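Peer 1: everything below, folded, please.
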Amino acid sequence: MTTENEKLKDLRGRIDDIDNRIQDLLMERTQVVEGVRAVKEKEGSEVKIRPAREAEIFFRLMERHSGSFPKREMARIWRELIVATLSFEGPFSAAVYYSEDDPGFWDMARDQYGSFTPMARHTAPRRVVEAVRNGDATVGVVPLPRHDENENWWRHLVDDRPGTPRVIARLPFIGQGNARGAGSEALVICPIEQEQTGRDRSYLAIEAESDIGFNVIEAALSQVGFSPAFNQMWHDPNRPPGWTYLVEVFGFIEPGGQSVTRLKESLGKDVVRIVHIGGYAVPLSDNDLAPNTGGE
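Peer 2: Prediction:
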């Protein structure tokens with residue numbers, strides 16, 4: 001029995017030593033992050049959140065991970081770690097759509113942006129957009145557009161003016177977990193441009209003077225090398241141009257790039273403008289989160 005007690009004491013001592021080393025690395029990582037902040041301040045960069053960079057971190061960690069520690073829990077640790085350092089670059093907060101019928105958006109926002117980040121509830125997606133646009137919140141969490149809803153909150157992003165919120169992420173990124181409203185999905189908005197990760201989808205808003213139809217849009221997208229993943233239309237006869245189409249596209253479309261120009265040319269003169277309203281890195285899949293069979 002004494003031998004077993006000594007062995008247990010030794011193992012617990014090793015755990016304490018590992019915990020100390022993990023903490024040392026966290027403190028070292030924080031110093032490096034502060035160095036990044038200093039460089040960004042010197043360069044005049046105002047961007048405090050880099051969703052593409054965050055996604056790339058998770059893609060890399062999931063690929064290299066091995067052993068019996070579950071990937072989902074490891075990803076949760078890294079979400080808290082990333083969010084904890086965002087406040088170094090100034091106040092960070094979230095505006096969240098909240099409905100009594102579907103309270104899961106609050107849980108998804110907390111999972112993505114941390115247990116201690118200030119969050120405010122809004123009962124309409126438009127109010128979330130306004131909070132982000134006005135600078136009352138850094139990011140906003142709104143419902144994923146669906147065919148069976150008519151609010152079309154995304155129309156409030158169809159604006160070329162600086163400071164207009166853009167789609168930057170899709171939630172849940174790490175899987176549903178124990179969030180309420182199982183099956184609910186959301187988008188995150190923030191006034192920054194989409195960056196490429198290699199595992200992306202992009203959103204375009206196409207304004208037209210007539211009902212050009214999604215078949216025409218799909219054919220035009222094909223001509224420039226893309227295909228649609230989702231589409232939705234908003235029609236307001238009292239607002240010229242009267243037709244606005246939301247198109248979610250597989251892959252990354254560079255904001256202001258040649259693909260957008262070529263798409264507009266292909267769609268013809270009835271299209272007034274195409275606004276790139278953001279995009280996201282595709283969330284981690286069940287395959288990403290499955291245990292790796294091999295190791296390094």
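Peer 1: where does this protein have low pLDDT?
Peer 2: For the chain, the stretches flagged by pLDDT under 70 are 1-2, 44-47, 294-296.
Peer 1: could you point out which element follows the longest strand belonging to it?
Peer 2: Counting residues, the longest strand found in the chain (DSSP state E) is strand 271-281. Sequence order places helix 286-289 as the next helix or strand after strand 271-281, per DSSP states H and E.
Peer 1: pull out the buried positions in stretch 147-155.
Peer 2: Judged by neighbour count using 16 or more other C-beta atoms under 10 Å, the buried positions of stretch 147-155 are 152-155. Glycine gets a C-beta too; all of them are placed from N, C-alpha and C.
Peer 1: correction: the previous question concerned stretch 160-176.
Peer 2: 164-176.
Peer 1: before we move on, what about stretch 256-269?
Peer 2: Those buried within stretch 256-269 under the rule 16+ other C-beta under 10 Å are 259-260, 263-264, 266-267.
Peer 1: for stretch 135-149, same thing?
Peer 2: Those would be 137-143, 145, for stretch 135-149 by 16+ other C-beta under 10 Å.
Peer 1: excluding its backbone neighbours, what's nearest I57?
Peer 2: W78 (6.8 Å; C-beta to C-beta, 6 or more residues apart in numbering).
Peer 1: and the one you found, how many residues sit next to it?
Peer 2: By other C-beta atoms under 10 Å, the residues close to W78 number 14.
Peer 1: list the contacts for it?
Peer 2: Listed by C-beta atoms under 8 Å, 6 or more residues apart in numbering, the contact partners of W78 are 57-58, 61.
Peer 1: now do the strands in the stretch 151-296 of the chain.
Peer 2: Secondary structure of the stretch 151-296 of the chain (DSSP state E, counting those that start in this stretch): strands at 166-171, 186-190, 200-208, 228-235, 243-250, 271-281.
Peer 1: what lines up beside the second one in the sheet?
Peer 2: Strand pairing for strand 186-190, using DSSP bridges, gives strand 139-143 (antiparallel), strand 166-171 (antiparallel).
Peer 1: one step back: from E254, how far off is the residue nearest to I57?
Peer 2: 28 Å (C-beta to C-beta, to the nearest Å).
Peer 1: just P51 next, same as before
Peer 2: Distance from P51 to E254, by C-beta to C-beta: 16 Å.
Peer 1: right, and the helix or strand after the strand or helix carrying D24?
Peer 2: Using DSSP H and E, D24 sits within helix 2-43. Counting by DSSP H and E, the next helix or strand C-terminal to helix 2-43 is helix 51-64.
Peer 1: tilt between that following helix and strand 139-143?
Peer 2: Per axes from the mean of the first three to the mean of the last three C-alpha atoms, to 10 degrees, the angle that helix 51-64 makes with strand 139-143 is 70 degrees.
Peer 1: alpha carbons of the helix or strand following helix 51-64, as PDB, please.
Peer 2: On the C-terminal side of helix 51-64, the nearest following helix or strand under DSSP H and E is helix 71-86. Taking C-alpha atoms only, helix 71-86 is exported to PDB below (Å, rounded to 0.1, in the frame of the first residue of the first chain):
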ATOM      1  CA  LYS A  71     -10.300  17.700 -29.300                       C
ATOM      2  CA  ARG A  72     -13.500  19.400 -28.400                       C
ATOM      3  CA  GLU A  73     -12.400  20.200 -24.900                       C
ATOM      4  CA  MET A  74      -9.000  21.300 -26.200                       C
ATOM      5  CA  ALA A  75     -10.700  23.600 -28.700                       C
ATOM      6  CA  ARG A  76     -12.700  25.100 -25.800                       C
ATOM      7  CA  ILE A  77      -9.500  25.900 -23.900                       C
ATOM      8  CA  TRP A  78      -8.100  27.700 -26.900                       C
ATOM      9  CA  ARG A  79     -11.300  29.700 -27.500                       C
ATOM     10  CA  GLU A  80     -11.000  31.100 -23.900                       C
ATOM     11  CA  LEU A  81      -7.200  31.600 -24.400                       C
ATOM     12  CA  ILE A  82      -7.800  33.600 -27.700                       C
ATOM     13  CA  VAL A  83     -10.600  35.700 -26.300                       C
ATOM     14  CA  ALA A  84      -8.700  36.500 -23.100                       C
ATOM     15  CA  THR A  85      -6.100  38.300 -25.100                       C
ATOM     16  CA  LEU A  86      -8.500  40.300 -27.300                       C
END
